[in-house]
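Chemist: okay, here's the prediction I keep looking at, along with the sequence it came from:
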Amino acid sequence: MSTRQGGIMKKSIILSLAVFMIFTASLFAELNGVLDFGYKNVYVAGSGAVLYDNPVFQQDLILNGPYGLYGIFWSSYSPEKGINSDFGDEVDWILGNSQEIWKLGFDFSYVYVNAWNINSTEADLHIFTLKVDFPEIFCINPYLVLEKDIPFDEDILPGGSIYKLGCSYEGCLYREFTFDLFIAGHDGAFGLDAEVVSNVRVTLNTVFNWHNLEIVPEINYQKSFKDDGLAEDKFWWGVNFTLPLF
C-alpha cells in the first residue's frame, strides 16, 4: 500500500468513526459524557510494552449512550519533542458495547490505533477486545481479557493475540480505594517469541473529590518474565482528573 493510499484509508476510517459517534449522540437524549485528562511519568501499554520511557499527558472524551453503547476519543502527547514526534504521541478511536448476561459482564470494543507517525499508517493497528467480568467473590472481581491486534502492514509491525487474567478490588471496605492485579501473555505478538506468561502488573489508586472533579492518583508496578520479551520491569505513577460534561 502506498503512503498516499494509506493516508486516504486512515482519513476515511477516522471520518467514519467520528460521524458514527456524532450520529449516535444526536439520536439519544440520554447520552452522557466524561472528560479525562492526566499525566504519567512513563507510557506503558496494556500489553506491558513500554512504548515511551518519558512523561506523557493523556486525555480522553468518553460518550456513553443507551443499550451499553459507548465511544471514546483518546490521545497521548509527549511534551519532550512536541506533537507527533515520537511514540509518546498517539490518537485512538474506540467504539464498544457493554452488556450483562447471566451475571457475567461482557465488553466488546474496536480500537483504531493511530500510532506515531500520526500522518501515516505504518504502525497503525486495528484492535478487537473482549473483556469478561465474572461475579464478585468476597469483594474481588475476577476478569478475563482477550485482544486481537491486526496491523495495517505486517511487514512493519506484525500483529498477534494478547490475553490477561486478573482481579480487581473496588472498595467494599474503603470505597475510594482500588486494587487491580493481572497476569498477561501472548501468542508471539509483534514478531516476538510467544510467552504463556509475559508479565504481572499491580495497580493501586484512590479517589479524591473536589466539587464535580475526581482526582485519581495511581501507582503501578510490572514484573516481566523474560529479558527480551514483550514487557519489561517497570515502576511508574500518574494522576488522572475526571470531569462529567453532561
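Modeler: That came through, no problem. Numbers count the residues shown, from 1 in each chain.

Chemist: average pLDDT for the helix or strand that Gly185 is a member of?
Modeler: Taking DSSP states H and E as the criterion, Gly185 maps to strand 177-186. Confidence for strand 177-186, expressed as mean pLDDT, is 94.

Chemist: dump stretch 158-166 to PDB, keeping only the CA atoms.
Modeler: Only the C-alpha atoms of stretch 158-166 are listed here, as PDB (Å, rounded to 0.1, in the frame of the first residue of the first chain):
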ATOM      1  CA  PRO A 158       3.300  -7.900  13.000                       C
ATOM      2  CA  GLY A 159       0.100  -8.500  14.900                       C
ATOM      3  CA  GLY A 160      -0.900 -11.100  17.300                       C
ATOM      4  CA  SER A 161      -3.200 -12.100  20.200                       C
ATOM      5  CA  ILE A 162      -2.800 -10.900  23.900                       C
ATOM      6  CA  TYR A 163      -4.700 -12.300  26.900                       C
ATOM      7  CA  LYS A 164      -5.000 -11.200  30.500                       C
ATOM      8  CA  LEU A 165      -6.400 -12.900  33.600                       C
ATOM      9  CA  GLY A 166      -6.900 -10.600  36.600                       C
END
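
Chemist: hmm, back to that, so how far is the strand holding Gly185 off the chain centroid?
Modeler: In terms of Cα atoms, centre = their mean, to the nearest Å, the centre of strand 177-186 is set 13 Å apart from its chain centre.

Chemist: what are the pairing partners of it, and which direction each?
Modeler: strand 160-169 (antiparallel), strand 195-206 (antiparallel) (DSSP bridges).

Chemist: including mean neighbour count and distance to Leu63, could the ones you listed go into CSV?
Modeler: Every residue, glycine included, has its C-beta placed from N, CA and C. Listed next are the strands paired with strand 177-186 as CSV, based on neighbours: other Cβ atoms under 10 Å; distance: least, Cβ to Cβ, whole Å:
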stretch, mean neighbour count, distance to Leu63
strand 160-169, 18, 24
strand 195-206, 18, 23
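
Chemist: for Gly33, find the nearest of these.
Modeler: Counting by Cβ to Cβ, Gly33 lies closest to strand 195-206 out of these; the figure is 22.0 Å.

Chemist: columns distance to Asp53 and mean pLDDT on top of the strands paired with strand 177-186, output as a markdown table?
Modeler: Formatted as a markdown table, the strands paired with strand 177-186 follow (distance: least, Cβ to Cβ, whole Å; pLDDT from 0 to 100):
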| stretch | distance to Asp53 | mean pLDDT |
| --- | --- | --- |
| strand 160-169 | 21 | 95 |
| strand 195-206 | 16 | 95 |
